[in-house]
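In: Can you look at this prediction? I've put the sequence above it.
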Amino acid sequence: MKRTLFALACIFAANTALADNAKTEAYRDAAIPAPKDWQGPRFSLSHNYPKQQPAPCTAAECPWLAIDLNMQTDFSAAGVPSWEKNSVYNQYIMSILNYVKQGQTLDLNNAEGLKTQVDGKDKWFHIPWMAFDQHTGREFVHGLTNERTAVISDFYGEERQGLHGLPNAKSGAQAGFETWAVGMYNNYGGYTIGQSWSKKGTPNIETINGVTSTKGMPFMQGTVVVKFLFTTATPTDVPYLTGSPTWQADRHIETNNKFSCERKVQEVRLVQVDVAVVDERSPSRWVYGTFAYIIGPGKTVWDNLQPVGLQWGMDPWTFPAVPKAESIAPRQSVLNESISAFEHFGCNGRLAGPVDNKLSSCMSCHGGAFANTAGNTFATGAYGPPIFGFPGICEQYSQDNVEYFQTIQFPQGYTGGNYPDAMNLDTSLQMQIALQEWSLFKAKGKAAAACEVK
């Protein structure tokens, strides 16, 4: 009897320690803490999520919802959307940017960074568990995480080298530029995050009407997501980044055009700003947009953010989701082709940002945000859709491309009947990463193994 009680006590103590550690890991500010003598900015995770569901967003607070953006597909020749400076597309994306910049500094300076409080109230929130990975997780200065490494052709492209050539660019065709980014959700999105994660740092997964997902899903209308992306490229490499906000980041050290696992505080520059909103008029429930920083006559940084385009679906009738002979021009992406510096866009006229994968698109990538319902598959291997690409992406008509470029919305499963046990996370790749890190913690008690040199 005593041995049984002792065993139960040990199990209870182990579970308590696991829960305490989960809370610490989930809500920590940075993967690697700042040195004791650090005198610069320090990132603080915003996780005081709203406990009450916000009232429906009004047109005064969410003006884009009042803009007559017709997202019904018109297959006639007149149905191909066209970007103009005074078009509803431009009005729509600029209304989102105006919402984002409320309460922020005009120069987005390094000392103040991004403010999560506006007018004394919490406005912006972060997703937990993104400081667990020691290699790519949040750094301590501004909470940036390591994303896709871009190459110089992402910034100018061979086909337009004569117009936007960069003669002083870093030598070597494969020379890479790391991307570091921080994303935030407004109070509408913050409510869903708070429902999805307990204060102990564990996910709240529930099944309602046969649909399994994290609690609070899907994100409600009024949700705004914004992500600021910074690059290690300099104005010497990419001249149109001149004047771009320069921040400090505890990022990887580069030697001979290769990035090591070791970090130190170095400069990064704003290159791209992504926005996304829930708009029930959209066939995906979401509208994604992106801006590129390009030096210009604007008085503030915000004035020099030029819209690249909008996307509300994946254009499943456009190559490579259909054969080239059947393909038509995209109807669910609209691109600003008058942008003043090179922009590579995405796969066959779909939307992608300056440092994004030109063979994908914003929604094709985010549409693959799924997680295993048990929360454990991440630790043992493949878990779901090929978010970041696969052999032959955007190059040929194939079943993989058919599935990758299909418009879906929560709570639909991934197309093609693949990954039947995966739950839809309503396009949130950050939520997916959080569940991935939680599952690794649950399985091993620590993050993945040491990093690999890129």
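Out: That came in fine, so what should we check first? Numbering: from 1, shown residues only.

In: which residue ranges form the helices in the chain?
Out: For the chain, the helices defined by DSSP state H occupy 2-26, 88-100, 152-155, 161-164, 187-196, 362-366, 399-404, 429-444.

In: most tightly surrounded among those helices?
Out: helix 362-366 (a mean of 26; mean count of other C-beta atoms under 10 Å). Quick note: C-beta positions are derived from backbone N, CA and C, even for glycine.

In: Quick one: distance of that helix to the chain centre.
Out: Mean-position distance between helix 362-366 and its chain equals 9 Å (C-alpha atoms, centre = their mean, to the nearest Å).

In: Mind checking the pLDDT average for the lengthiest strand in the chain?
Out: For the chain, the strand reaching the highest residue count under DSSP state E is reported as strand 258-278. For strand 258-278, the mean per-residue pLDDT is 95.

In: How about that strand, which residues are buried there?
Out: 259, 263, 268-278 (16 or more other C-beta atoms under 10 Å).

In: and if you look at stretch 54-67?
Out: In stretch 54-67, counting by 16+ other C-beta under 10 Å, buried: 54, 57, 61, 62, 63, 64, 65.

In: list the contacts for residue 400?
Out: By C-beta atoms under 8 Å, 6 or more residues apart in numbering, the residues touching residue 400 are 386, 390, 392, 393.

In: I figured the last one was touching residue 347, is that so?
Out: Yep, that's residue 393 we're talking about. Yes - counting by C-beta atoms under 8 Å, residue 393 touches residue 347, with 7.5 Å between them.

In: residues shared between the contacts of these two?
Out: 320, 359, 360.

In: how about the residues you listed in a markdown table, adding neighbour count and pLDDT?
Out: Formatted as a markdown table, the shared contacts of residue 393 and residue 347 follow (neighbours: other C-beta atoms under 10 Å; pLDDT from 0 to 100):
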| residue | neighbour count | pLDDT |
| --- | --- | --- |
| 320 | 22 | 98 |
| 359 | 20 | 95 |
| 360 | 23 | 96 |
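
In: Tell me the one among those residues nearest to residue 138.
Out: residue 360 (24.2 Å; C-beta to C-beta).

In: what stretches of the protein score poorly on pLDDT?
Out: Scanning the chain with the threshold set as pLDDT under 70 gives 1-20, 157-175, 374-383, 448-454.

In: Neighbour-wise, which one of the contacts of residue 400 leads?
Out: residue 393 (20 neighbours; other C-beta atoms under 10 Å).

In: How about residues contacting stretch 88-96?
Out: 63-64, 67-70, 81, 83-84, 224, 275, 277, 287, 289, 291, 307, 309-310, 334, 336.

In: what would the shared contacts of residue 393 and residue 347 look like in TSV with distance to residue 445?
Out: Converted to TSV, these look like this (distance: C-beta to C-beta, whole Å):
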residue	distance to residue 445
320	42
359	37
360	34
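
In: Among those, find me the one that's closest to residue 314.
Out: Nearest member of the shared contacts of residue 393 and residue 347 to residue 314, counting by C-beta to C-beta, is residue 360, at 10.2 Å.

In: show me the residues around the closest one that make contact.
Out: Contacts of residue 360 (C-beta under 8 Å, 6+ apart): 346, 347, 352, 388, 389, 393, 394, 404.

In: can you count the residues close to residue 384?
Out: There are 20 residues near residue 384, going by other C-beta under 10 Å.

In: ugh, wrong one, residue 76
Out: Taking other C-beta under 10 Å as the criterion, the count of residues near residue 76 is 6.

In: picking that back up, of all the helices of the chain, which one comes closest to residue 420?
Out: Judging the helices of the chain by C-beta to C-beta, what sits closest to residue 420 is helix 399-404, at 13.4 Å.

In: Give me the neighbour count for the nearest residue in space to residue 267 that is not next to it in sequence.
Out: Leaving aside its sequence neighbours, residue 267 sits nearest to residue 246 (C-beta to C-beta, 6 or more residues apart in numbering; 5.3 Å). Per other C-beta under 10 Å, the neighbour tally for residue 246 reads 16.

In: Quick check: bridge partners of residue 246?
Out: Per DSSP bridges, the residues bridged to residue 246 are residue 269.

In: quick one: contacts for it?
Out: 110, 267, 268, 269.

In: need the contact list for the third one.
Out: Spelled out, it's residue 268. Applying C-beta under 8 Å, 6+ apart, the residues contacting residue 268 are 144, 180, 230, 231, 232, 246, 247, 248, 249, 251.

In: From residue 90, how far off is the fourth one?
Out: To residue 90, residue 231 is 25 Å away according to C-beta to C-beta, to the nearest Å.

In: just the first one next, same as before
Out: Counting by C-beta to C-beta, the gap between residue 144 and residue 90 amounts to 29 Å.

In: same question, the second one
Out: Shown here: residue 180 relative to residue 90, a distance of 28 Å by C-beta to C-beta.

In: Can you give me the neighbour number for the nearest residue to residue 176 once chain neighbours are set aside?
Out: Take residue 176 and drop its neighbours on the chain: the residue closest to it by C-beta to C-beta, 6+ apart is residue 149, 4.3 Å away. For residue 149, the neighbour count with other C-beta under 10 Å is 16.

In: pretty sure residue 149 contacts residue 177?
Out: Yes - contact between residue 149 and residue 177 holds when scored by C-beta under 8 Å: they sit 6.7 Å apart.

In: dump the residue contacts of residue 441.
Out: Neighbours of residue 441 in contact, by C-beta under 8 Å, 6+ apart: 21, 22, 25, 129, 132, 447.

In: Report the separation between residue 409 and residue 35.
Out: 46 Å.

In: ok, of the contacts of residue 246, which one's closest to residue 214?
Out: Using C-beta to C-beta, residue 268 comes nearest to residue 214 of the contacts of residue 246, at 31.3 Å.

In: And the strands in the stretch 1-150 of the chain, which stretches?
Out: Taking DSSP state E, counting those that start in this stretch as the test, the strands found in the stretch 1-150 of the chain are 117-118, 121-122, 145-146, 150-151.

In: Work out the gap between the second one and the centre of the chain.
Out: Put plainly, it is strand 121-122. 22 Å.

In: Touching it from outside, list them.
Out: 46, 48, 50, 116, 187, 190.

In: wait, which of those is closest to residue 205?
Out: residue 190 (19.0 Å).

In: Excluding chain neighbours, what is closest to that closest one?
Out: residue 125 (3.5 Å).

In: residues touching the one you found, list them.
Out: 46-49, 116, 184-187, 189-190, 193-194.

In: now the residues you listed in TSV, with distance to residue 297?
Out: Listed next are those as TSV, based on distance: C-beta to C-beta, whole Å:
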residue	distance to residue 297
46	34
47	39
48	40
49	40
116	31
184	28
185	32
186	30
187	34
189	34
190	36
193	38
194	42
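
In: what's the burial count for the residue lying closest to residue 323 once chain neighbours are set aside?
Out: For residue 323, ignoring the flanking residues on the chain, the nearest one in space by C-beta to C-beta, 6+ apart is residue 397 at 4.6 Å. Applying other C-beta under 10 Å, we find 17 residues neighbouring residue 397.
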